[in-house]
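Visitor: Task: produce atomic coordinates for the following.
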Amino acid sequence: MASNQEKIITHYRNYKEDNRATSSRSNSLEFHYTKKLLNEYISLESSVIELGCGTGYYGMYFADKCAQYTGVDLSPDNNAIFNEKISKEGKGNARAVVGNATALPEFSDNSFDIVLCLGPMYHLSREERMYVFGECYRIAKKGAILAFAYINSIGAYAGWCVNDEWRNTYPNAQANKYFLEYKMAYDNPGVFFLTSPEEMECDAKQNNLEIVKNCGLDFFFAQSAVDMMSDEQFSLYMELSDRMSNSPSCTGLSDHALMICIK
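Guide: The predicted model follows:
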């Protein structure tokens, strides 16, 4: 069990996760690129499990693209919302259950073609992330694709420092300690943990995973500018954003990122 489990559950009880993908144009980019990257690997024959499924944003999308979808989330509140969506939309191949990504005894070894870990790494220290890597490896079939979403400490903090709304406050000495030393979100310590592309790749290799790609999903340093762009400007920006997302040299400046591996 994650040591901060109750803090995470309380956070999502008070946070409207169901609206995050549509709350702003800049927030939508994380979801846009996650789907775009994973579409390459998920097929109508795939058995898919998503750890940290939240209220079912990805689950409702991928259930139509795979043979079987299982969502797992720590939050009973998120799970209830997701199951209501499954029932309402008649997704007979999908289900959502409450569970903890650090220990998944309810799932057998070598069970899934696709293992998506799209939330747990946001909330765990490096030590506890290693349990998640181990469980993901265990339940994945040989040759399975595994995807791990994470928050990049340098990219996230750089965004805080240049954002139009916050740059008069950041950087500051205390925030430096949290983002760069403690690897925790300054505004929500103990609930959100941060890492880096290099650290994630190192830990994946220690868990016998082969890295396929490691891509930035959004770039917080551009958040305030993106939200002020006209539709025409945003369309042109997306040409640049596509290239940044596909460039390994840009991943270290991303806010959210996605590492794709193979077992």
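Visitor: Using CSV, write out every CA atom in the biggest strand by length in the chain.
Guide: In the chain, taking DSSP state E as the definition, the longest strand is strand 140-151. Taking Å, rounded to 0.1, in the frame of the first residue of the first chain, the C-alpha atoms of strand 140-151 are listed here in CSV:
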residue,chain,number,x,y,z
ALA,A,140,2.4,-7.8,-18.5
LYS,A,141,2.7,-10.6,-21.1
LYS,A,142,6.0,-11.2,-22.8
GLY,A,143,6.3,-8.6,-25.6
ALA,A,144,3.7,-6.4,-23.9
ILE,A,145,3.8,-2.6,-24.2
LEU,A,146,4.0,-0.7,-20.9
ALA,A,147,3.5,3.1,-20.7
PHE,A,148,4.3,5.2,-17.7
ALA,A,149,3.2,8.8,-17.3
TYR,A,150,5.2,11.1,-15.0
ILE,A,151,5.7,14.7,-13.9
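Visitor: State the next helix or strand along the chain beyond it.
Guide: helix 153-162 (DSSP states H and E).
Visitor: Look at the residue lying closest to residue 260 once chain neighbours are set aside and tell me its secondary structure.
Guide: Distances taken as CB to CB, 6 or more residues apart in numbering put residue 212 closest to residue 260, at 4.5 Å, once the chain neighbours are dropped. Any C-beta I mention is one placed from the backbone N, CA and C, and that applies to glycine too. Secondary structure state of residue 212, per DSSP: H, G, I helix; E, B strand; the rest coil, is strand.
Visitor: Around residue 212, count how many other residues there are.
Guide: Summarising burial for residue 212: neighbours were counted as other CB atoms under 10 Å, giving 16.
Visitor: show me what contacts it?
Guide: 145, 260-262 (CB atoms under 8 Å, 6 or more residues apart in numbering).
Visitor: who touches the closest residue to residue 162 other than its chain neighbours in this structure?
Guide: Once its chain neighbours are removed from consideration, residue 162 has its nearest residue in residue 221; the separation is 5.2 Å (CB to CB, 6+ apart). With contact set as CB under 8 Å, 6+ apart, residue 221 has these partners: 155, 158-159, 162-163, 253.
Visitor: Need the max-distance pair from the residues you listed.
Guide: The two members of the contacts of residue 221 with the most space between them (CB to CB) are 163 and 253, at 13.9 Å.
Visitor: you'd agree residue 78 is up against residue 57?
Guide: No. At 10.3 Å, residue 78 does not count as touching residue 57 under the criterion of CB atoms under 8 Å.
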